[in-house]
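Chemist: Fold the stuff below for me.
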Amino acid sequence: MAIENIVSVIIVNFNSGELLSQSVCSVLASRIAVSIQVVDNASTDDSLLRLQQAINHDKRVQIIKNTDNLGFAQAANLALPYSTGKYMLFLNPDCLIRPDTLAHFVKIMDENPQAGMAGGLVQNLDGSEQAGCRRSVPTPWRTIVRVFHLDKLFPHSKRFKNFVLHNQPLPTEPIEIEGISGACMFVRRTALEVVGPMDEAYFLHCEDLDWFMRFQAKNLSILFIPEIEIVHVKGGCSHGQPLRVLWYKHRGMVRFYRKFFRKQYPLPLFWAVILAVWVRFIILAIGIVFNG
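Modeler: Predicted coordinates:
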């Protein structure tokens, strides 16, 4: 089996239950050669047991067990030395792909050598497009536009554009885009070697945004391929701890802003945005506590 014909699929698991087995089995049904590295972040449920029963010692699947929850980026990076494919798919354990998904990704990426990464049409169970499926980078200014609904007040102004693009008509062919869904990132190995792995300072959320920025800084484009459909059972790994997930999401956003935009904005505006992030966290956290 030639290495260049293998797609290495990296799945980070944390208490994903039956979804992990379903996700891995959907990958194993692919029409091209695959290897799968499942990195488990010290799960306390029976997801690994279910997986081992489902795959029946399939040698294409390797399970890496962590003794602690290392977060998404660090766990995913741990799998890199074990992956051998020309391409790698970073896939959430609550995502399901079709038998032709990987072959289609390979075809499009082979046709677009300038692309370092690609994503597909990530859908909810009802077939609707998920909000984070295609997006612009959420710069501090775009975040202000979204929070204060300035895009609705000035719908025809390019300056007041929202960073979420799922309400726009789907393109009819692959297009370059600033951001795709972090639940399904198809990455060219040579591009990863240029850009480097995900920043492990992010525990959960925003490591994908960081990666998008770094790929584009190296002139490696990101493709959105609308004809590739992925089902994402969103929240499959985090439904039991919403407050913790909310904390990491907002902490990650603060790191993202400080890393890439601190020098691009006047200090008063920049720190006002950081304050707004934490105010939003407090409001949402209160809602979780009192409604939980």
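
Chemist: Give me the below-cutoff pLDDT ranges for this protein.
Modeler: 1-5, 235-240, 292 (pLDDT under 70).

Chemist: tell me the phi and psi of residue 227?
Modeler: phi -80, psi -10 (degrees, to the nearest 10).

Chemist: and the gap between the residue positioned nearest the centre of the chain and residue 242?
Modeler: Taking Cα atoms, centre = their mean, the centroid of the chain lies closest to residue 182, which sits 1.0 Å from it. Distance check for residue 182 against residue 242: by Cβ to Cβ, to the nearest Å, it reads 18 Å. In short, each C-beta sits where N, CA and C put it, glycine included.

Chemist: Residue 170 now?
Modeler: 30 Å.

Chemist: Outline the domain layout of this protein.
Modeler: 3-236, 243-291 (automatic domain parsing).

Chemist: And for the nearest residue to residue 225 once chain neighbours are set aside, the neighbour number?
Modeler: Counting by Cβ to Cβ, 6 or more residues apart in numbering, the nearest residue to residue 225 once its immediate chain neighbours are dropped is residue 174, at 4.6 Å. Residue 174 has 19 neighbours, counted by other Cβ atoms under 10 Å.

Chemist: Residue 174 contacts residue 224, doesn't it?
Modeler: Yes - with contact defined as Cβ atoms under 8 Å, residue 174 counts as touching residue 224 (6.7 Å).

Chemist: got any residues that touch both of those two?
Modeler: Residues touching both residue 174 and residue 224 by Cβ atoms under 8 Å, 6 or more residues apart in numbering: residue 118.

Chemist: tally of neighbours for the closest residue in space to residue 183 that isn't next to it in sequence?
Modeler: Distances taken as Cβ to Cβ, 6+ apart place residue 92 nearest to residue 183, at 4.1 Å, with adjacent residues excluded. Number of residues near residue 92 (other Cβ under 10 Å) recorded here: 25.

Chemist: all strands for the stretch 101-250 of the chain, in order.
Modeler: 115-123, 134-135, 175-176, 179-180, 184-188, 221-232 (DSSP state E, counting those that start in this stretch).

Chemist: Quick one: closest of these to residue 80.
Modeler: Closest to residue 80 of those is strand 184-188 (Cβ to Cβ; 10.4 Å).

Chemist: Against which helices or strands is the closest one packed?
Modeler: strand 87-91, helix 101-111, strand 115-123 (3 or more Cβ pairs under 8 Å, 6 or more residues apart in numbering; DSSP states H and E).

Chemist: Only alpha carbons, please: show the first one as PDB.
Modeler: Coordinates of the C-alpha atoms in strand 87-91 are reproduced here as PDB (Å, rounded to 0.1, in the frame of the first residue of the first chain):
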ATOM      1  CA  TYR A  87      -3.300  14.200   3.200                       C
ATOM      2  CA  MET A  88      -4.800  14.200   6.700                       C
ATOM      3  CA  LEU A  89      -8.400  14.700   7.800                       C
ATOM      4  CA  PHE A  90      -8.900  16.100  11.200                       C
ATOM      5  CA  LEU A  91     -12.400  14.900  12.000                       C
END
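
Chemist: What pairs with that strand, parallel or antiparallel?
Modeler: Sheet pairing for strand 87-91, assigned by DSSP bridges, gives strand 7-13 (parallel), strand 184-188 (antiparallel).

Chemist: Now find how far off-centre it is within its chain.
Modeler: 10 Å (Cα atoms, centre = their mean, to the nearest Å).

Chemist: relative to strand 115-123, how tilted is that strand?
Modeler: 30 degrees (axes from the mean of the first three to the mean of the last three Cα atoms, to 10 degrees).

Chemist: Repeat that for the longest one.
Modeler: Using the same axes, to 10 degrees, the interaxial angle of helix 101-111 with respect to strand 115-123 works out to 140 degrees.

Chemist: burial measure for residue 88, as a count.
Modeler: 26.

Chemist: swap in residue 205?
Modeler: With other Cβ under 10 Å as criterion, residue 205 counts 22.

Chemist: Looks like it contacts residue 249 (just checking).
Modeler: Yes - Residue 205 is in contact with residue 249 according to Cβ under 8 Å; the separation is 4.2 Å.

Chemist: okay, now residue 268: neighbour count?
Modeler: 8.

Chemist: how close does residue 225 get to residue 140?
Modeler: 29 Å.

Chemist: could the strands paired with strand 87-91 be laid out in TSV, adding mean neighbour count and distance to residue 232?
Modeler: Formatted as TSV, the strands paired with strand 87-91 follow (neighbours: other Cβ atoms under 10 Å; distance: least, Cβ to Cβ, whole Å):
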stretch	mean neighbour count	distance to residue 232
strand 7-13	26	13
strand 184-188	25	7
